[in-house]
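Q: Pasting the sequence and the predicted model now:
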Protein chains: 2
Amino acid sequence: MYPDILANVARHITLTPDEEAYFTALLVPQHVPRYGFVLQAGQRAPYLTFVVQGCVRTYATDARGKEHILAFATEGWWCMDSTAFFHGTPATLSLQALEPTQVLHLSLEHMEALCQQVPKFERFFRILSQNGFQHLQRRIEALLKLTAEVRFARFQHQHPRLHQRVAQKHIAAYLGVTPEFLSMLRKKNS
Amino acid sequence: MYPDILANVARHITLTPDEEAYFTALLVPQHVPRYGFVLQAGQRAPYLTFVVQGCVRTYATDARGKEHILAFATEGWWCMDSTAFFHGTPATLSLQALEPTQVLHLSLEHMEALCQQVPKFERFFRILSQNGFQHLQRRIEALLKLTAEVRFARFQHQHPRLHQRVAQKHIAAYLGVTPEFLSMLRKKNS
DNA sequence: CGTCTATTTGAATGTACTCAAAAGCGGTGG
DNA sequence: CCACCGCTTTTGAGTACATTCAAATAGACG
């Protein structure tokens, strides 16, 4: 559990054993059963969450009750409702496990303490945020300029494993189309 | 020019006069005429750009030549093609001035040197990235779950001034609809 | 094996788009 | 300062893509 997150941190900064111990002591482990919630819209839970094992979807629910997936997070990825995290406001996004999932939570308070105590973490979270920013910028680019058909082809290509793990309706909700329409696209391109 | 960017930095970290001097010495000022380019798709130009005065649109062009705007940046905002910036690859996005615009560029090299020399900047860029991440996450949420009509209403509400400054067709390209359709929405809600 | 949910299929509908043309507006030069 | 030119916005008709709704089929899990 901790080795995974330490390896993730070690990709960008090098910690001493003491710093590693301090860091891991701040983390709150949680096991979430399949279809259980890491966070529900409306809750106030300022956590940044690391996925050790399993898969989490981050989604928004519209006025008519339809769900729209912003991102999937599998092993080694971080997820959050960033507005809820940084401002402590009630979440507008929900985070749900799609498989039995093991996560580690870091609260905003602990994150700030960590950056104070071990300034190297400023760098780590800077890089983490930058990568996240880049990821989201490309996602918006794709949503605006590509057709559903091309977005689906790319998704299959870029996340071949994920495609096996999550239901079609969730992929549709990620691509921004109805499950019926995705089904039709699949039929057409086969 | 420099006071603006220093004020922006001062929102999150406090610099000594020496540090301020070191920082501003790394910046490359550029004046861009109306409809001139800060960056064109295909170019390699790893700059993070601060808008001192004016307005910049960040957009992608699709296979059929249609332009889709990811973001507007006015006074006090930063903009970039994050993938081009962090990896030094050719840009897939273009940044164009919509008014006579004054910008300050910071190269990736200089940004890294800055973080080495003045570690406080790790913190600054962490917060900058976090805010950017949050901004994009909410934008994706809106694109996926709101109708064009609601997105337009929100845009007017959240950016009342921008609405005066940029052409309707650019707002349409930001909302993800055609100018004709936006025109129809405006007529309907008046 | 049975139940419950996900996926596929099809028909009817509607939203947003394309294309074309008119009207409006702003910037520029005479 | 006014008139013209070009670009933007509006308007309308026809169209296409994606949706909704309903039902059948397939698949997963207990």
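A: Received, thanks.
Q: quick one: A:Thr9 and A:Glu19 touch, right?
A: Let me fix one detail, which is that residue A:9 is Val and not Thr. No. The pair formed by A:Val9 and A:Glu19 falls short of the contact definition of C-beta atoms under 8 Å, at 9.5 Å. C-beta coordinates here come from the backbone N, C-alpha and C atoms, glycine included.
Q: Chain A: strands as residue ranges?
A: Assignment of strands within chain A using DSSP state E yields the ranges A:28-32, A:37-39, A:47-53, A:55-61, A:67-74, A:78-79, A:94-97, A:101-107.
Q: Kindly reformat those strands as JSON lines containing distance to B:His157.
A: JSON lines is the format used below for these (distance: least, C-beta to C-beta, whole Å):
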{"stretch": "strand A:28-32", "distance to B:His157": "37"}
{"stretch": "strand A:37-39", "distance to B:His157": "27"}
{"stretch": "strand A:47-53", "distance to B:His157": "30"}
{"stretch": "strand A:55-61", "distance to B:His157": "19"}
{"stretch": "strand A:67-74", "distance to B:His157": "21"}
{"stretch": "strand A:78-79", "distance to B:His157": "29"}
{"stretch": "strand A:94-97", "distance to B:His157": "25"}
{"stretch": "strand A:101-107", "distance to B:His157": "32"}
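Q: Dump the ones you listed into TSV; add mean pLDDT and mean neighbour count as well.
A: TSV is the format used below for the strands of chain A (pLDDT from 0 to 100; neighbours: other C-beta atoms under 10 Å in any protein chain shown):
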stretch	mean pLDDT	mean neighbour count
strand A:28-32	96	15
strand A:37-39	95	21
strand A:47-53	97	22
strand A:55-61	95	22
strand A:67-74	95	21
strand A:78-79	98	22
strand A:94-97	96	23
strand A:101-107	97	21
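Q: what about A:Val9 and A:Glu19, which has more around it?
A: Neighbour totals were compared for A:Val9 and A:Glu19, and A:Val9 leads with 21 against 17 (other C-beta atoms under 10 Å in any protein chain shown).
Q: mind checking how far the more buried one is from B:Gln130?
A: Using C-beta to C-beta, to the nearest Å, A:Val9 is found at 17 Å from B:Gln130.
Q: picking up where we left off before, TSV for the strands of chain A, including distance to chain B?
A: What follows is these, written out as TSV (distance: least, C-beta to the nearest C-beta, whole Å):
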stretch	distance to chain B
strand A:28-32	21
strand A:37-39	14
strand A:47-53	10
strand A:55-61	5
strand A:67-74	4
strand A:78-79	10
strand A:94-97	11
strand A:101-107	14
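Q: To DNA strand D, which of those lies closest?
A: When those are ranked by proximity to DNA strand D, the top entry is strand A:67-74, at 10.3 Å, counting by C-beta to the nearest atom of the strand.
Q: Let me know whether that closest one sits next to DNA strand C.
A: No. Shown here: strand A:67-74 not in contact with DNA strand C (C-beta under 7 Å from any atom of the strand), separated by at least 10.9 Å.
Q: I'd like to know which elements that strand is packed against.
A: Under the contact criterion of 3 or more C-beta pairs under 8 Å, 6 or more residues apart in numbering or on different chains; DSSP states H and E, strand A:67-74 touches strand A:47-53, strand A:55-61, helix A:160-165, helix A:168-175, helix B:120-145.
Q: Indicate the residue of chain A located nearest to DNA strand D.
A: A:Phe181 (3.1 Å).
Q: Enumerate the beta-bridge partners assigned to A:Phe50.
A: Beta-bridge partners recorded for A:Phe50 (DSSP bridges): A:Trp78, A:Leu104.
Q: Tell me who's in contact with it.
A: If a contact means C-beta atoms under 8 Å, 6 or more residues apart in numbering or on different chains, then A:Phe50 has A:4-5, A:8, A:27, A:77-78, A:103-106 as its contacts.
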